[in-house]
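J.: sequence-free structure coming up:
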């Protein structure tokens with residue numbers, strides 16, 4: 001079998017002489033046209049610290065692919081910064097960018113008949129966007145994470161970008177002065193890399209390592225450390241070998257791989273966004289996965305890692321303590337990981353973890369011993385009830401009492417809610433409802449980091465609830481429930497909530513309930529009318545027209561066949 005199984009379509013035969021002429025201009029020589037062409041999908045940009053170090057990694061990957069006997073071809077793909085767009089209209093493009101990234105990688109790799117692809121990404125949607133494309137194309141592929149940012153430091157404490165969001169709430173509540181706010185702002189993000197806690201970027205990089213689509217230890221490396229660039233070069237060599245063996249994503253992204261990823265996400269205290277992204281990737285690759293699967297695994301897996309946002313440490317601390325392989329080995333020892341699942345190196349998970357100790361080192365407390373976890377069960381609970389008949393996702397770490405019944409405080413947008421919190425209009429016992437921020441209604445499911453951080457900064461984390469058909473940042477925690485489905489825009493019950501209605505959030509019993517009788521709800525439903533779409537042209541309008549429910553991963557190509 002030729003090594004250039006796909007690319008020979010543009011490099012082989014007399015009729016492809018014009019094609020070869022073009023390739024000669026970009027560096028191909030006489031001996032290169034039978035080599036496999038590996039795409040290097042480079043998310044480099046100076047828009048965000050998450051991606052500003054990616055070009056060096058992409059160049060190392062190019063060198064690694066050439067050394068392994070392939071012809072790499074680099075191309076760009078987009079990103080937006082969640083942290084910079086957060087709390088603005090621009091945040092509506094965040095989840096949308098996941099699909100734009102997937103579409104762009106698919107377009108180039110299939111348009112150019114590439115034999116394999118190495119994707120380099122940093123900010124939150126780079127990972128799932130690349131993996132959706134990889135799943136669609138089913139060509140040999142590997143993901144290289146751009147790496148995590150190192151923590152900032154102030155007054156003896158580690159800082160992340162979430163520290164700045166929470167400082168806004170503290171300042172508005174009169175707990176810190178403007179000088180302290182400015183000091184946190186200046187020190188929170190000291191260099192290149194994705195946000196430093198176990199937020200969405202580090203959660204998804206960890207998930208991909210657990211699934212076997214990235215190299216061991218690569219998901220927690222610091223962006224600015226030399227080992228990150230070395231790992232990129234090694235990743236290129238591994239994917240070239242996968243091209244030669246025709247080791248395909250469909251052989252790696254199995255049901256077992258998704259279950260492994262979910263188990264790891266629960267153990268590390270990962271982001272709610274992982275639920276949305278794994279559902280989307282599984283939908284694309286054709287693996288059956290649903291919200292209830294997350295709940296089943298949650299019941300078996302404790303939270304083992306003391307990581308921000310609700311914990312103490314950041315991702316570089318996890319790396320020093322043994323990284324994702326150490327967490328995986330602990331799960332494997334208890335039968336909570338599929339050791340026979342395949343990885344991109346051709347080894348099984350069990351083979352990859354063979355030399356990892358069964359228990360974490362005693363000289364660290366980032367990864368807890370099995371008999372002393374942070375929480376006895378996973379932290380991402382799937383809630384259902386008349387407010388979320390399809391389901392909703394609650395992140396319950398850092399909450400003393402994961403249950404509240406209180407009066408609804410209803411807001412039609414994130415901005416209106418944030419203004420009320422900062423003005424001191426939210427009281428202990430309130431249940432905040434932010435609606436029309438779902439996949440179709442937003443559109444784009446904005447993340448609610450600004451309101452949740454303001455709640456925490458105001459000292460209300462343990463005394464109020466917040467539900468939304470939008471999303472939460474990986475930096476959010478508290479008594480918060482997102483991904484409420486069906487969303488308000490399509491007439492979900494969240495659209496029928498009135499100011500002052502009683503709402504119950506009960507994570508222990510997995511319940512999200514509007515305490516209004518059925519007859520009254522039917523009366524309200526009969527009067528409800530869907531709002532007009534907020535956008536009628538451009539990418540947001542197209543997205544709103546195509547996107548599915550969040551309970552299905554908010555994918556844009558469902559049912560098109």
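T.: Cool, the structure landed. Note that this is a predicted model, so its numbers are computed, not measured.
J.: OK, contacts around residue 86?
T.: With contacts defined as Cβ atoms under 8 Å, 6 or more residues apart in numbering, the neighbours of residue 86 are 165, 447, 449, 450, 473. Glycine gets a C-beta too; all of them are placed from N, C-alpha and C.
J.: try residue 239
T.: 38, 65, 116, 117, 118, 140, 141, 142, 344.
J.: That one: what secondary structure?
T.: helix (DSSP: H, G, I helix; E, B strand; the rest coil).
J.: rewinding a little: pick the one among the contacts of residue 239 closest to residue 29.
T.: residue 65 (15.6 Å; Cβ to Cβ).
J.: Correct me if wrong: the closest one contacts residue 74.
T.: No - at 9.9 Å, residue 65 does not count as touching residue 74 under the criterion of Cβ atoms under 8 Å.
J.: Run through the strands of this structure in chain order.
T.: Remark: strands assigned in the chain by DSSP state E are 37-42, 71-76, 116-121, 141-145, 152-154, 157-159, 380-385, 388-395, 403-411, 431-434, 465-468, 480-485, 502-506, 511-514.
J.: Quick check: which of these is nearest to residue 494?
T.: Across the strands of the chain, the minimum distance to residue 494, taken as Cβ to Cβ, is reached by strand 480-485, at 5.2 Å.
J.: tell me, what's touching residue 65 and residue 74 both at once?
T.: residue 40.
J.: between the two, which one's more packed in?
T.: Neighbours around residue 65 and residue 74, counted as other Cβ atoms under 10 Å, are more numerous at residue 65. The numbers are 29 against 19.
J.: which residues touch the residue most central in space within the chain?
T.: The centroid of the chain falls nearest to residue 200 when counting by Cα atoms, centre = their mean (4.1 Å). With contact set as Cβ under 8 Å, 6+ apart, residue 200 has these partners: 82, 124, 271, 273, 274, 473, 474.
J.: How about the third one, nearest residue that isn't a chain neighbour?
T.: Pointing back at residue 271 there. Using Cβ to Cβ, 6 or more residues apart in numbering and skipping the chain neighbours, the partner closest in space to residue 271 is residue 474 (3.1 Å).
J.: Now the residue nearest to the centre of the chain. Nearest residue, chain neighbours left out?
T.: residue 474 (3.7 Å).
J.: who's in contact with residue 508?
T.: Shown in contact with residue 508 (Cβ under 8 Å, 6+ apart): 402, 403.
J.: doesn't residue 217 make contact with residue 324?
T.: Yes - between residue 324 and residue 217 there is a contact at 7.1 Å, judged by Cβ under 8 Å.
J.: overlap in contacts of those two?
T.: residue 209.
J.: neighbour-wise, which of those two wins?
T.: Counting neighbours by other Cβ under 10 Å for residue 324 and for residue 217 shows that residue 324 has the greater number, 26 against 16.
J.: So residue 196 sits against residue 315, correct?
T.: Yes - contact status for residue 196 versus residue 315: in contact at 5.8 Å, counting by Cβ under 8 Å.
J.: So these two - more neighbours on which side?
T.: Set residue 196 next to residue 315 and count neighbours by other Cβ under 10 Å: residue 315 wins out with 35 against 31.
J.: Next one: that one from residue 35, what distance?
T.: 36 Å (Cβ to Cβ, to the nearest Å).
J.: what's the burial count for residue 342?
T.: Should you count by other Cβ under 10 Å, residue 342 turns out to have 20 residues around it.
J.: Could you report the neighbour count for the residue lying closest to it once chain neighbours are set aside?
T.: Closest residue in space to residue 342, ignoring its immediate chain neighbours: residue 252 at 5.2 Å, by Cβ to Cβ, 6+ apart. When neighbours are defined as other Cβ under 10 Å, residue 252 has 23 of them.
J.: Just the local confidence number for residue 252, please.
T.: Per-residue confidence (pLDDT) for residue 252: 98.
J.: now swap in residue 461 and tell me
T.: 86.
J.: List the residues that contact the nearest residue to it once chain neighbours are set aside.
T.: Spatial nearest neighbour of residue 461, chain neighbours left out: residue 478 (4.4 Å); criterion: Cβ to Cβ, 6+ apart. By Cβ under 8 Å, 6+ apart, the residues touching residue 478 are 395, 398, 399, 452, 455, 456, 461, 462, 466.
J.: can we see that at 7 Å?
T.: Contacts here follow Cβ atoms under 7 Å, 6 or more residues apart in numbering; on that basis residue 478 touches 398, 399, 452, 455, 456, 461.
J.: and if you look at residue 244?
T.: Per Cβ under 7 Å, 6+ apart, neighbours of residue 244: residue 3.
J.: could you redo the last one with a cut-off of 10 Å?
T.: 1, 3, 5, 36, 68, 69, 70, 115, 116, 140 (Cβ atoms under 10 Å, 6 or more residues apart in numbering).
J.: From residue 240, how far off is the last one?
T.: To tie it back to what came earlier, the one meant is residue 140. From residue 140 to residue 240 the distance is 8 Å (Cβ to Cβ).
J.: Find residues that contact each of these two.
T.: 36, 38, 115, 116, 118.
J.: Please indicate which of those are buried?
T.: Buried by 16 or more other Cβ atoms under 10 Å: 36, 38, 115, 116, 118, out of the shared contacts of residue 140 and residue 240.
J.: Could you pull up the residues touching residue 502?
T.: Contacts of residue 502 by Cβ under 10 Å, 6+ apart are 405, 406, 407, 408, 431, 513, 514, 515, 516.
J.: Isn't the third one up against residue 504?
T.: Translated: residue 407. No - judged on Cβ atoms under 10 Å, residue 407 makes no contact with residue 504 at a distance of 11.4 Å.
J.: neighbour count winner among those two?
T.: Between residue 407 and residue 504, residue 504 has the larger neighbour count (other Cβ under 10 Å), namely 18 against 14.
J.: Can you give me the pLDDT of residue 407?
T.: Residue 407 is assigned a predicted lDDT (pLDDT) of 98.
J.: Poorly predicted segments of the stretch 1-150 of the chain, please.
T.: Within the stretch 1-150 of the chain, no range satisfies pLDDT under 70.
J.: in it, which spans are helices?
T.: 8-11, 17-25, 54-67, 82-85, 93-111, 126-137 (DSSP state H, counting those that start in this stretch).
J.: how about the ones you listed in JSON lines, adding distance to residue 211?
T.: Output for those, formatted as JSON lines (distance: least, Cβ to Cβ, whole Å):
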{"stretch": "helix 8-11", "distance to residue 211": "30"}
{"stretch": "helix 17-25", "distance to residue 211": "33"}
{"stretch": "helix 54-67", "distance to residue 211": "20"}
{"stretch": "helix 82-85", "distance to residue 211": "22"}
{"stretch": "helix 93-111", "distance to residue 211": "17"}
{"stretch": "helix 126-137", "distance to residue 211": "9"}
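J.: any idea which of the ones you listed is most buried?
T.: Comparing the helices of the stretch 1-150 of the chain by mean neighbour count (mean count of other Cβ atoms under 10 Å), helix 126-137 ranks first with a mean of 28.
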